[in-house]
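# A predicted structure for the sequence below; I have some questions about it.
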Amino acid sequence: MPYVAKDFGKLVGMDGFSETLLKNHFTLYQGYVTNTNKLSDLLGGMLAEGKTATPEYAELKRRFGWEWNGMRLHEFYFENLGGKELKPKGKLVDMLAKEFGSFEKWVENFKACGMAARGWVILGLSAYDGRLHNYCLDTHNYNVPANVVPILVMDVYEHAYVIDYGVKRPPYIDAFMRNIEWAVCSRRFEEIDMARMARVAAS
Ligand code: FE
C-alpha cells in the first residue's frame, strides 16, 4: 500500500508563517512521500528478483532512511503546529519541569538546540532511560537516536523559514514556539506505554 501525503492545509493562516512558505514546505514534504513510495517499489522489485547483493540495492536501502524520515519528520512537525497555547498541560509540563528545572528552562534549551542543529530538533522520550531529551539532527537520517519517541519536532532547515525571515532563524523559532499544538504533544507523550518500552529497550 503506498503512503499517502497528509493534508496540512488547515495550517495556512497561522501567525508568523506565510501561505507561500507553508505551501512550498507542503510541496517538499509531498516529494518525500512520493520518493518513499518509489523506493519501496524499487526495493521490493529488487528483492523479488534476487538483486539484493548489488551496490544499487545497498545504496537504495541507505537512501530509504533519508526519504522515510523526510516524510515522517515532516508529518510530526506539521501535526504539532497550529495551536494557540504557549504551554502544555498535565504530565508533560510536569516532566519537562522535572527534567530541565522549569518549563521556561526547557524552552531556553530547545531554542538553543534550534540554533545548533542543521536539520531538526526533537524533544523525545527515551525508552532506554525513561527521560525526556532535546536532540539535534543534522539531516533527516543523521544523529537519529535509537529507542526514542518524538514528542515535539521542529524543522530548522533553511527552507522552513527563509521565505519569511531570510537567514534569520531566531524569529522563525519564536514563531514556531507560539504555534505549537501542545494537545498533540501531550497525546503522544501520554499514550506511550513506558513499562512496555522499557522492557523492549532492556531486551
Ligand atoms: Fe522541512
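Received it, and whenever you're ready, just let me know what you need.
# now for the residue nearest the centre of the chain: which residues touch it?
Among the residues of the chain, Leu73 comes closest to the average C-alpha position under C-alpha atoms, centre = their mean, at 3.3 Å. By C-beta atoms under 8 Å, 6 or more residues apart in numbering, the contact list for Leu73 reads Trp120, His140, Pro150, Val153, Asp155. (C-beta placed from N, C-alpha, C; glycine too.)
# quick check, nearest of the residues you listed to the ion?
Asp155 (4.1 Å; C-beta to the ion).
# burial count for Lys87?
Here the count is done by other C-beta atoms under 10 Å, and Lys87 has 12 residues near it.
# next one: phi and psi at it?
Note on Lys87: its backbone torsions stand at phi -150, psi 140 [degrees, to the nearest 10].
# gap between it and Ser102?
11 Å (C-beta to C-beta, to the nearest Å).
# flag every residue of the chain that's near the ion.
Residues of the chain lying close to the ion by C-beta under 5 Å from the ion are Asp155, Tyr157.
# hey, where'd the helices end up in the chain?
For the chain, the helices defined by DSSP state H occupy 19-48, 55-79, 90-100, 103-116, 162-165, 169-178, 182-190, 194-202.
# got a markdown table for those, with mean pLDDT too?
Listed next are these as a markdown table, based on pLDDT from 0 to 100:
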| stretch | mean pLDDT |
| --- | --- |
| helix 19-48 | 98 |
| helix 55-79 | 97 |
| helix 90-100 | 96 |
| helix 103-116 | 98 |
| helix 162-165 | 98 |
| helix 169-178 | 98 |
| helix 182-190 | 97 |
| helix 194-202 | 77 |
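# as a markdown table, these with distance to Tyr135 would be great.
Listed next are the helices of the chain as a markdown table, based on distance: least, C-beta to C-beta, whole Å:
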| stretch | distance to Tyr135 |
| --- | --- |
| helix 19-48 | 20 |
| helix 55-79 | 12 |
| helix 90-100 | 13 |
| helix 103-116 | 8 |
| helix 162-165 | 23 |
| helix 169-178 | 16 |
| helix 182-190 | 15 |
| helix 194-202 | 16 |
